[in-house]
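A.B. asks: Need a 3D model of the following:
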Amino acid sequence: MIIIQRISSTVASEIIADSELSRRVCDDLTNFDQIELPESDFYFGFFLESECIGFVHLSPETAVTYVIHINIVVGFRHLALDCAKMFYNFALNTFAPSFQKLISKIPVTFPDVYGFAKKCGFQDEGLDRKSILREGVLIDRYALGITREEIKKWVEL
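C.D. replies: Numbering: from 1, shown residues only. Sure thing, here's the model as predicted:
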């Protein structure tokens with residue numbers, strides 16, 4: 001059984017240091033060996049038995065909106081939708097009513113991540129053009145979002 005619990009930025013940084021995960025979340029100018037996630041953000045780990053198989057990273061953007069990134073270790077990605085549903089229920093039941101929306105920006109070079117976000121109920125909200133440096137080239141990122149009401153409907157499916 002998977003459980004969710006808050007983790008520190010230090011624990012999240014250790015997980016994101018995984019070479020496959022760091023390649024997905026870092027741009028060309030980030031030193032993979034010294035990733036330090038901000039202490040002021042929120043991190044919620046997914047634990048299978050005692051092993052942390054991934055986490056959600058939330059950064060407040062406004063008083064009602066959070067930027068989200070779900071990081072699941074490659075060997076456990078078959079559990080990613082279950083983790084997303086668990087997080088959604090946790091967020092709906094735990095976060096203050098001021099929580100109204102999650103947003104994400106996904107590099108166009110990761111169609112699997114884009115597809116996962118869509119499976120999780122995220123809606124297209126535009127394109128953030130030439131906004132991340134990957135392999136020496138500025139590339140676009142998909143801009144996606146999901147509202148609190150859309151999350152409620154998604155978890156009922």
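
A.B. asks: Helix or strand: which one has I70?
C.D. replies: Element membership for I70 (DSSP states H and E) is strand 65-72.

A.B. asks: Tell me the helices and strands packed up against that strand.
C.D. replies: Using 3 or more CB pairs under 8 Å, 6 or more residues apart in numbering; DSSP states H and E, the elements in contact with strand 65-72 are helix 9-16, helix 19-25, strand 51-60, helix 80-94, strand 101-107. In this view, the C-beta of every residue, glycine as well, is placed from N, C-alpha and C.

A.B. asks: Can you mark which positions in the fourth one are buried?
C.D. replies: Residues of helix 80-94 classed as buried under the neighbour-count rule (16 or more other CB atoms under 10 Å) are A80, C83, A84, K85, M86, F87, Y88, A91.

A.B. asks: what's the closest of those residues to Q100?
C.D. replies: Closest approach to Q100 among these (CB to CB): A91, at 10.9 Å.

A.B. asks: Hmm, R24 is touching Y114, no?
C.D. replies: No - assessed by CB atoms under 8 Å, R24 is found out of contact with Y114, at 12.0 Å.

A.B. asks: May I ask which helix or strand of this protein has the lowest mean pLDDT?
C.D. replies: Lowest mean confidence among the helices and strands of the chain (mean pLDDT, DSSP states H and E): helix 19-25, at a mean of 76.

A.B. asks: re earlier: for Y66, find the nearest of the helices and strands packed on strand 65-72.
C.D. replies: That would be strand 51-60 among the helices and strands packed on strand 65-72, by CB to CB, at 4.5 Å.

A.B. asks: Go through that closest one and flag the buried ones.
C.D. replies: For strand 51-60, a neighbour-count test (16+ other CB under 10 Å) marks C52, I53, G54, F55, V56, H57, L58 as buried.

A.B. asks: would TSV of the residues you listed with pLDDT and distance to L138 be doable?
C.D. replies: Formatted as TSV, the buried residues of strand 51-60 follow (pLDDT from 0 to 100; distance: CB to CB, whole Å):
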residue	pLDDT	distance to L138
C52	95	33
I53	96	33
G54	96	28
F55	96	28
V56	97	28
H57	95	23
L58	97	26
